[in-house]
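K.L.:
What would the 3D arrangement of this be:
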Amino acid sequence: MKANHPIFPYVEWASARQPLRALKGLVSAKVAYPVAERMEKREVRQKLADLRHHYRLPYAQREQIARDRLADIVAFAMQGVPYYRDTLSALNFEPEKLRKDAAYLADVPYLTKDIIREQGERLHARALAETRHHACKTGGSTGLSCVIYYDQPAADHSAAVTLFCRGHVGKAQRLPELHFACRFPGDPVPDWPSREDFKCFAMNRSNIFFDALDASGLEEIWSTLRRRRPYLIHGHPSTIYALACHIEKTRTRAKAFEVFESSGELMEPYQREKIATVLRCKVVNRYGLAELGVMAYDLDGGQGQGMQVLESEGWAETAPTREDSAAAGFEELVFTGFRNRLMPLIRYRTGDLAKLDRRPSGVFITDIVGRLHDIVSINGTPHATHHIQDVLDHRVGGIQEFQIDLRETPPILRIVPEVNASPDDIEAKINHYWPGAFKVQFVGHGDFVRVGRHAKFRHVVTH
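P.N.:
Numbers count the residues shown, from 1 in each chain. Here you go, the predicted structure:
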């Protein structure tokens with residue numbers, strides 16, 4: 001049987017209603033997940049229990065644990081990883097000092113993608129053939145990608161972190177979730193049942209594959225959500241924002257799920273506000289990356305405190321960057337991961353600009369503005385993407401979303417106008433602020449260029 005058999009929508013509808021919904025959730029959480037864990041030889045539930053215990057401790061105690069883990073991973077890297085053994089030994093670095101004062105970490109040089117690609121196997125603690133491992137390729141949306149290798153305990157910790165964070169926004173394992181994924185042209189329809197189907201059942205998760213964000217595609221997404229009734233949906237904010245714009249146009253407001261968990265892209269405040277208002281849901285943000293996994297989350301349920309850095313998983317700091325970003329209070333996020341002992345990353349420069357706030361209750365990411373290279377030259381003058389967005393929002397107006405394509409000269413400025421906006425007025429105002437700088441195109445959300453293997457939306461397209 002193929003996965004697109006016409007019986008499945010009816011099965012989905014029935015399983016999303018009581019009492020089948022509750023029964024399916026309990027079997028998934030209490031039976032299927034433990035069975036899958038044993039079959040896959042994984043250890044997630046114990047790590048989840050450890051996380052829950054850790055975050056019940058006072059922050060002062062958790063911070064000391066984090067410093068100890070920082071010292072441990074640096075000492076491990078000095079002993080077992082050729083790149084760090086050579087680099088840190090030459091500096092006579094003493095990891096034990098980190099237990100009392102993490103400021104000593106500043107003596108360790110930063111790690112970048114370029115160094116990862118250049119050093120290759122010299123960043124591995126063991127030969128890949130000698131251990132069970134998982135390859136994770138970075139998205140490639142910010143330039144050349146690289147491959148990060150996780151050992152099994154690190155992969156299990158990553159899974160436990162996701163369960164722990166979602167639990168903080170009310171998403172118990174017995175409640176259904178839905179994951180958005182891009183459907184690529186030519187993908188064959190899979191057979192049913194498959195290993196992926198059992199995995200989804202064990203996680204009480206379903207997938208929705210989409211390839212168009214036009215009115216027809218968005219209507220198909222909405223009908224699927226209404227049929228499956230997930231508690232939480234997980235996807236790119238640009239996708240759910242496009243859905244919110246469609247629902248506002250066709251229904252004003254509507255509800256089909258409780259929580260939207262954003263990841264994969266920067267979620268702008270205007271996107272968050274519209275999604276929460278139109279789709280009548282709680283909106284939570286998380287910060288994760290292929291290199292390290294989820295490192296910060298809206299553990300307060302999106303109440304405005306900022307994303308809390310998960311100090312159980314890594315040490316956060318910032319690095320100085322461009323003058324214009326520093327003037328606005330932004331610096332580059334830098335993380336040292338604690339869990340991956342196959343390929344430890346110490347002082348890894350993420351390329352993301354953010355503000356860190358160290359409070360008595362923890363470390364928080366209070367603002368994040370995107371990647372370092374999101375700079376656009378307008379008539380020879382460099383402008384940050386967020387500056388362009390401010391002009392479009394507060395001076396031009398009438399714009400739902402935009403994208404700048406730098407692959408042509410002059411760059412293409414793609415704009416999705418508001419329903420009642422005048423394209424002629426928008427174009428006239430753009431030419432007033434930036435004469436001759438852009439070739440303006442008015443498009444739909446589905447016409448934006450998406451980059452990387454996960455088809456991410458970027459405000460700036462460079463390749």
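
K.L.:
and after the top strand by length along the chain, which helix or strand comes next?
P.N.:
Longest strand of the chain, by residue count under DSSP state E: strand 348-359. Using DSSP states H and E, the helix or strand that follows strand 348-359 in sequence is strand 362-371.

K.L.:
Walk me through which strands that following strand pairs with, and which way each runs.
P.N.:
Strand 362-371 has its sheet partners listed here by DSSP bridges as strand 307-309 (antiparallel), strand 348-359 (antiparallel).

K.L.:
what residues does the first one touch?
P.N.:
Judged by CB atoms under 8 Å, 6 or more residues apart in numbering, the contacts made with strand 307-309 from elsewhere in the structure are 285-287, 295-300, 316, 356, 362-365, 368. For the C-beta atoms, the positions are set from N, CA and C on the backbone; glycine is no exception.

K.L.:
Give me the number of neighbouring residues for the nearest residue to residue 105 once chain neighbours are set aside.
P.N.:
Distances taken as CB to CB, 6 or more residues apart in numbering place residue 98 nearest to residue 105, at 6.2 Å, with adjacent residues excluded. Counted with other CB atoms under 10 Å, residues neighbouring residue 98 total 24.

K.L.:
who are the neighbours in contact with residue 98?
P.N.:
By CB under 8 Å, 6+ apart, the contact set of residue 98 is 67, 70-71, 74, 104-105.

K.L.:
on that earlier part again, of all the strands paired with strand 362-371, which gets the most neighbours per residue?
P.N.:
Of all those, strand 307-309 has the most neighbours on average by mean count of other CB atoms under 10 Å, namely a mean of 23.

K.L.:
Follow the chain on from that one and name the next helix or strand.
P.N.:
Once strand 307-309 ends, the next helix or strand along the chain (criterion: DSSP H and E) is strand 314-319.

K.L.:
so how far is that following strand from its chain's centroid?
P.N.:
Offset of strand 314-319 from its chain centre (CA atoms, centre = their mean, to the nearest Å): 17 Å.

K.L.:
go on, stretch 332-347?
P.N.:
Remark: stretch 332-347 is offset 17 Å from the chain centroid, using CA atoms, centre = their mean.

K.L.:
which intervals of the stretch 301-450 of the chain have sub-threshold pLDDT?
P.N.:
322-328, 370-375, 382-387, 390 (pLDDT under 70).

K.L.:
where do the helices sit along it?
P.N.:
Remark: helices assigned in the stretch 301-450 of the chain by DSSP state H, counting those that start in this stretch are 323-327, 385-391, 423-433.

K.L.:
Which one (most neighbours) among the contacts of strand 307-309?
P.N.:
With neighbours taken as other CB under 10 Å, the top of the contacts of strand 307-309 is residue 296, carrying 28 neighbours.

K.L.:
element containing it, please.
P.N.:
Judged by DSSP H and E, residue 296 forms part of strand 293-297.

K.L.:
Give me the angle between that strand and strand 362-371.
P.N.:
Orientation check (axes from the mean of the first three to the mean of the last three CA atoms, to 10 degrees): strand 293-297 against strand 362-371 gives 110 degrees.

K.L.:
Would you give the sheet partners of strand 293-297, along with the direction of each?
P.N.:
Applying DSSP bridges to the sheet, strand 293-297 is found paired with strand 282-289 (antiparallel), strand 307-309 (antiparallel).

K.L.:
Residues in contact with that strand: which ones?
P.N.:
Contacts of strand 293-297 (CB under 8 Å, 6+ apart): 154, 157-158, 161-162, 165, 168, 263, 284-289, 307-310, 313-314, 316, 335, 337, 339, 364-365.

K.L.:
Let's see that with 7 Å instead.
P.N.:
158, 161-162, 165, 286-288, 307-310, 313-314, 335, 365 (CB atoms under 7 Å, 6 or more residues apart in numbering).

K.L.:
Give me the pLDDT for the residue of the chain positioned farthest from its centre.
P.N.:
Distance from the centre of the chain peaks at residue 92, with 36.6 Å (CA atoms, centre = their mean). At residue 92, the pLDDT value in this model is 96.

K.L.:
so how far is the lengthiest helix in the chain from its chain's centroid?
P.N.:
If you go by DSSP state H, the chain has its longest helix at helix 59-80. Distance of helix 59-80 from the chain centroid (CA atoms, centre = their mean) equals 25 Å.

K.L.:
after that helix, next one along is what?
P.N.:
Following helix 59-80 in sequence order, the next helix or strand is helix 82-90 (DSSP H and E).

K.L.:
Now do the contacts for residue 33.
P.N.:
Contact analysis of residue 33 by CB under 7 Å, 6+ apart lists 173, 202-203.

K.L.:
May I see these organised as a markdown table, with distance to residue 35, secondary structure and neighbour count added?
P.N.:
Converted to a markdown table, the contacts of residue 33 look like this (distance: CB to CB, whole Å; DSSP: H, G, I helix; E, B strand; the rest coil; neighbours: other CB atoms under 10 Å):
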| residue | distance to residue 35 | secondary structure | neighbour count |
| --- | --- | --- | --- |
| 173 | 14 | coil | 19 |
| 202 | 7 | helix | 21 |
| 203 | 12 | coil | 20 |
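
K.L.:
just curious, which of the residues you listed is nearest to residue 109?
P.N.:
Distance to residue 109 across the contacts of residue 33 (CB to CB) is lowest for residue 203, with 39.3 Å.

K.L.:
mind listing what the closest one touches?
P.N.:
Contacts for residue 203 (CB under 7 Å, 6+ apart) come out as residue 33.

K.L.:
how much space between it and residue 166?
P.N.:
11 Å (CB to CB, to the nearest Å).

K.L.:
repeat for residue 216
P.N.:
For residue 216 relative to residue 166 (CB to CB), the value is 31 Å.

K.L.:
quick one: buried residues of the longest helix of the chain?
P.N.:
Buried residues in helix 59-80, counted by 16 or more other CB atoms under 10 Å: 62-63, 66-67, 69-78.

K.L.:
Specify the residue ranges that define each domain of this protein.
P.N.:
42-49+153-175+231-371, 375-461 (automatic domain parsing).

K.L.:
Out of those domains, the one nearest residue 23 is which?
P.N.:
Residue 23 lies closest, by CB to CB, to one member of these: domain 42-49+153-175+231-371, at 9.8 Å.

K.L.:
CSV for the domains of the chain, including distance to residue 181?
P.N.:
Putting those into CSV (distance: least, CB to CB, whole Å) gives the following:
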stretch, distance to residue 181
domain 42-49+153-175+231-371, 8
domain 375-461, 8
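
K.L.:
closest one to residue 188 among those domains?
P.N.:
Across these, closest to residue 188 is domain 375-461 (CB to CB), at 17.7 Å.

K.L.:
Just give me how far that closest one sits from the chain centre.
P.N.:
Offset of domain 375-461 from its chain centre (CA atoms, centre = their mean): 23 Å.
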